[in-house]
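Colleague: Everything below, folded, please.
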Amino acid sequence: MATGLHALPRPVAVVVGAGGVVGAAQVGVGYALEEREFRPDMIIGTSVGALNGAIAAAHPDRAAPWLDHVWAQLRRREVYPLSRVTARGSVFTDRGLRRLIARAELPSRIEELTVPFTAVAMDLDTGAAARLDHGDLESALLASAAVPGMLPPVDRAGRTLVDGGVIAYVPVLAALRAGAASVVVVSSGPESAPPRPHGPRRSAGAVAARAGMLLLHHQIERDLHEVARHIPTVVLPTGIDAWPAPWDFGHSQRLIGTASQAAGRFLDGLRVGGPGLYRVDGPSVTPPGPGGTSTTPSVLEAGL
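Modeller: Numbers count the residues shown, from 1 in each chain. Below is the predicted model:
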């Protein structure tokens with residue numbers, strides 16, 4: 001049985017999902033990968049994961065420290081400045097995202113990135129996933145992060161595009177279709193964890209939030225299990241139990257540090273034995289798929 005990331009079948013895709021402030025935890029996981037001198041063959045990102053992923057694709061050996069600095073200073077008003085142009089179909093403008101992209105020292109076109117990269121968005125007319133792997137990079141990142149109603153849709157190549165998290169919150173299917181022989185998922189936000197019992201929901205907002213979380217959870221699980229049937233699918237843990245609100249960027253340093261340590265411990269014990277789902281969810285271990293194994297005994301393996 002092979003050990004560690006370097007034993008994964010090539011090409012290896014790193015998949016970076018959506019989730020707002022989850023992007024800070026992705027930076028911590030990025031530290032763990034860079035410290036182990038791991039470079040993927042392709043990077044697939046959705047929403048905030050597309051922005052983090054594009055920066056990693058441009059600077060594959062030194063993205064984490066730069067992103068750490070950015071996330072440490074990031075505040076909601078910088079990412080979501082209020083819009084005065086309601087005709088564009090959004091509450092906020094994309095000025096903040098444009099500034100972040102401009103500061104990231106990225107090339108103008110996707111093809112010029114060091115590591116092959118795809119941003120995933122959703123076609124607002126058809127509901128289909130739009131895999132953006134060539135052409136203008138800025139518009140691809142803006143489209144992938146265009147949360148419906150919050151940030152303006154992007155017109156690109158004759159299509160109206162919005163946030164890819166609607167259709168592919170963790171875009172592992174896009175990695176499989178791109179020819180990946182194994183996948184490493186660096187996004188594991190609250191929607192990825194098994195749903196916990198919830199107390200009485202006394203407001204319309206609480207009901208909507210719970211339903212939305214469950215919808216995303218089932219989408220993520222469906223896609224992960226489908227891909228794991230075919231190739232090794234490694235989901236790196238963040239070790240984070242208490243997540244802030246998606247727009248609350250004041251906890252970034254805690255998220256980065258916790259995720260870096262949790263992902264590093266997992267990677268150092270990783271054993272891969274073929275197609276399957278390799279992950280640890282919080283304090284418990286998820287049993288692997290067919291042919292897979294975990295880094296520590298699961299409840300089933302321990303006979304409990």
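
Colleague: For the rest of this, base every contact and every neighbour count on C-alpha atoms.
Modeller: Will do.

Colleague: so what pLDDT did the nearest residue to residue 45 once chain neighbours are set aside get?
Modeller: Closest residue in space to residue 45, ignoring its immediate chain neighbours: residue 16 at 4.6 Å, by CA to CA, 6 or more residues apart in numbering. You'll see residue 16 listed with a pLDDT of 97.

Colleague: Likewise for residue 150?
Modeller: We have a pLDDT of 87 for residue 150.

Colleague: State the number of residues packed around it.
Modeller: 17 (other CA atoms under 10 Å).

Colleague: OK, contacts around it?
Modeller: By CA atoms under 8 Å, 6 or more residues apart in numbering, the contact set of residue 150 is 90-92.

Colleague: Let's have these in a markdown table, adding neighbour count.
Modeller: Listed next are the contacts of residue 150 as a markdown table, based on neighbours: other CA atoms under 10 Å:
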| residue | neighbour count |
| --- | --- |
| 90 | 20 |
| 91 | 18 |
| 92 | 22 |
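
Colleague: and which of these is nearest residue 176?
Modeller: When the contacts of residue 150 are compared for distance to residue 176 (CA to CA), residue 90 wins out at 32.6 Å.

Colleague: list the contacts for residue 49?
Modeller: By CA under 8 Å, 6+ apart, the residues touching residue 49 are 16-19, 23, 26, 187.

Colleague: burial measure for the residue nearest to residue 45, as a count.
Modeller: For residue 16, using other CA under 10 Å, the count is 30.

Colleague: can you give me phi and psi for it?
Modeller: Dihedral angles phi and psi of residue 16 (degrees, to the nearest 10) take the values phi -120, psi 120.

Colleague: so it makes contact with residue 55?
Modeller: No - counting by CA atoms under 8 Å, residue 55 is not a contact partner of residue 16; they are 11.6 Å apart.

Colleague: one step back: can the contacts of residue 150 go into a markdown table with extra columns for pLDDT, distance to residue 40 and secondary structure?
Modeller: Shown next, in a markdown table, are those (pLDDT from 0 to 100; distance: CA to CA, whole Å; DSSP: H, G, I helix; E, B strand; the rest coil):
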| residue | pLDDT | distance to residue 40 | secondary structure |
| --- | --- | --- | --- |
| 90 | 77 | 35 | strand |
| 91 | 81 | 36 | coil |
| 92 | 83 | 34 | strand |
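
Colleague: As a markdown table, these with distance to residue 114 would be great.
Modeller: Formatted as a markdown table, the contacts of residue 150 follow (distance: CA to CA, whole Å):
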| residue | distance to residue 114 |
| --- | --- |
| 90 | 33 |
| 91 | 35 |
| 92 | 32 |
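
Colleague: Which of the helices or strands spans residue 222?
Modeller: Residue 222 belongs to helix 204-228 when assigned by DSSP states H and E.

Colleague: Show the contacting residues for the residue nearest to residue 45.
Modeller: Residue 16 neighbours (CA under 8 Å, 6+ apart): 26, 43-46, 49-50, 52-53, 170-171, 185-187.

Colleague: Closest to residue 36 out of the residues you listed?
Modeller: When the contacts of residue 16 are ranked by distance to residue 36 (CA to CA), residue 186 comes first, at 14.4 Å.

Colleague: quick one: the closest one and residue 260, what's the gap?
Modeller: 11 Å (CA to CA, to the nearest Å).

Colleague: Please apply the same query to residue 119.
Modeller: Distance from residue 119 to residue 260, by CA to CA: 24 Å.

Colleague: between the two, who's got more neighbours?
Modeller: Counted by other CA under 10 Å, residue 119 and residue 260 do not tie: residue 119 has more neighbours, with 31 against 24.
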